[in-house]
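1. Sequence first, predicted coordinates after that:
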Amino acid sequence: MCNESAPTPRGITLSFLCLLINGPLNAPLMSTTFQLDTSTSRANPTPRPRKRLTVPRIRDHKKDGQTKDPLVMLTAYTARQAQLLDTHCDMLLVGDSLGQVIYGLDSTLPVTPEMMIAHGAAVVRGSYHSVVVVDMPFGSYEGSKELAFETASQIMAKTGCAAVKLEGGQAMAETVAFLSQRGIPVMGHVGLTPQAVNVLGGYAARGRSQHEHDKIIADGQALEQAGAFSIVVEGVIEPIAIALTKSLEIPVIGIGASAQCDGQVLVTEDMLGMFERVPRFVKRYENIAEVIDKTVATYAEEVRARSFPSEEQTYQPKS
Ligand code: KIV
């Protein structure tokens, strides 16, 4: 089995290398699922090949309870998006937020493992450097630890990702232990857990009561003890995010939490300004929706005026 994680030189696809190593009979098993074929893809120029970070390196980024340089994580759902984000990030999250961002669904609940696998494989193909983490969607892991293993192993085998993420704290600790003892690195997710929106009653910040405060801290600690390599803490009041970050040895990645966390994650489309409505904790760094609107208006105008395509964009008979 050719399980190459280091980048191959431009134009040499993994399947070609595997063909050399395994011979033609084994070749059909080795598709280019995990590697962008730069000779056929529109996605040239090739992203600068760099050695990929690993889960243990992310875990060890926090030393003796301290993180010097915060970890940078963003969501990615497509190969080209992954290419653009990869050099700037330590981790790329193929979040189940793709349900809303890509598919226009009103929550993450209808997202399926097949959707996560298709987008996860695209993001792995588009990245060289970041650790790619893929979300386990609602209903694909909560039923039993065996179900969780089945889903997580399929996600990892079919995408080439380095880790999975699942929501829930103490209730998921046994599952996290089961997975991590069987070769599946797990990132936890506590605080506001969008898959539990019907239990929580909405997307408001968590941790305003002592009971919630204690539960979020206990959830994080249970996940660490179970073997999670990192956790996301989402939508909690800042003192909880700080207390959780201080109390754990593993990196705590914040979203709507605190700059004191060991790293930050945002939904890329939110920070780029693709949507009118975003949660309060999102900082819009750009207004890409406006750029697209203006650009497409110009295109539409030129098409209607028959000024596009011009001579430059048309083929003429050779004289
Ligand atoms: O699905 C997602 O994008 C997430 C992040 C918001 C943490 O879980």
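-> Yes, it's here.
2. C-alpha only now, for contacts and for neighbours.
-> Will do.
3. Tell me how many other residues surround residue 313.
-> Residue 313 has 8 neighbouring residues, counting by other CA atoms under 10 Å.
4. which ones are touching the closest residue to residue 65 other than its chain neighbours?
-> Closest residue to residue 65 apart from its sequence neighbours, by CA to CA, 6 or more residues apart in numbering: residue 249 at 5.0 Å. Residue 249 is in contact with 62, 63, 64, 65, 224, counting by CA atoms under 8 Å, 6 or more residues apart in numbering.
5. nearest to the ligand, of those residues?
-> Among the contacts of residue 249, residue 224 lies closest to the ligand (CA to the nearest ligand atom), at 17.5 Å.
6. So for residue 47, what's the pLDDT?
-> On pLDDT, residue 47 comes in at 54.
7. Residue 125 touches residue 77, doesn't it?
-> No. The criterion here is CA atoms under 8 Å, and residue 125 misses it with residue 77 at 11.1 Å.
8. quick one: which of those two has more around it?
-> A side-by-side neighbour count of residue 125 and residue 77, using other CA under 10 Å, places residue 77 first with 27 against 23.
9. Quick one: the helices in the stretch 1-150 of the chain, in order.
-> Using DSSP state H, counting those that start in this stretch, the helices found in the stretch 1-150 of the chain span residues 14-22, 55-59, 79-86, 98-101, 113-126, 145-159.
10. so can I have CSV of those helices showing mean pLDDT and distance to the ligand?
-> Output for the helices of the stretch 1-150 of the chain, formatted as CSV (pLDDT from 0 to 100; distance: least, CA to the nearest ligand atom, whole Å):
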stretch, mean pLDDT, distance to the ligand
helix 14-22, 33, 29
helix 55-59, 98, 16
helix 79-86, 95, 14
helix 98-101, 98, 7
helix 113-126, 97, 11
helix 145-159, 98, 15
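11. deepest of those helices, which one?
-> Of those, the one with the most neighbours on average (mean count of other CA atoms under 10 Å) is helix 113-126, at a mean of 23.
12. how much does that helix deviate in direction from helix 145-159?
-> Helix 113-126 and helix 145-159 are oriented at 40 degrees to each other (axes from the mean of the first three to the mean of the last three CA atoms, to 10 degrees).
13. Helix 113-126 to helix 79-86, inter-axis angle?
-> Using the same axes, to 10 degrees: helix 113-126 against helix 79-86 is 60 degrees.
14. counting contacts, what elements does helix 113-126 pack onto?
-> Judged by 3 or more CA pairs under 8 Å, 6 or more residues apart in numbering; DSSP states H and E, the packing partners of helix 113-126 are helix 79-86, strand 91-94, strand 131-135, helix 145-159.
15. which helices and strands does the last one pack with?
-> Based on contacts counted as 3+ CA pairs under 8 Å, 6+ apart, the elements that helix 145-159 packs against are helix 113-126, strand 163-165, helix 173-180.
16. Quick one: closest of these to residue 149.
-> Across the helices and strands packed on helix 145-159, residue 149 has its closest neighbour in helix 173-180 (6.0 Å, CA to CA).
17. Show the pLDDT at residue 35.
-> 75.
18. ok, back up a step: so, if you compare the contacts of residue 249, which one comes nearest to residue 282?
-> Closest to residue 282, out of all of the contacts of residue 249 and judged by CA to CA, is residue 62, at 24.9 Å.
19. count of residues packed around the closest one?
-> 21.
20. Okay, the residue nearest to residue 62 when sequence neighbours are not counted and the ligand: tell me how far apart.
-> In space, and not counting its chain neighbours, residue 62 is closest to residue 251: 5.9 Å by CA to CA, 6+ apart. Separation of residue 251 from the ligand (CA to the nearest ligand atom, to the nearest Å) stands at 14 Å.
21. residues touching residue 109, list them.
-> The contact partners of residue 109, by CA under 8 Å, 6+ apart, come to 137, 138, 195.
22. Now distance to the ligand too, for the residues you listed, in JSON lines please.
-> Converted to JSON lines, these look like this (distance: CA to the nearest ligand atom, whole Å):
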{"residue": "137", "distance to the ligand": "9"}
{"residue": "138", "distance to the ligand": "11"}
{"residue": "195", "distance to the ligand": "9"}
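23. Looking at the residues you listed, which is nearest residue 152?
-> Proximity of the contacts of residue 109 to residue 152 (CA to CA) peaks at residue 137, which lies at 10.1 Å.
24. elements contacting the helix or strand residue 253 falls within?
-> Using DSSP states H and E, the element containing residue 253 is strand 252-255. Here strand 252-255 touches strand 230-234, helix 238-247, strand 263-266, going by 3+ CA pairs under 8 Å, 6+ apart.
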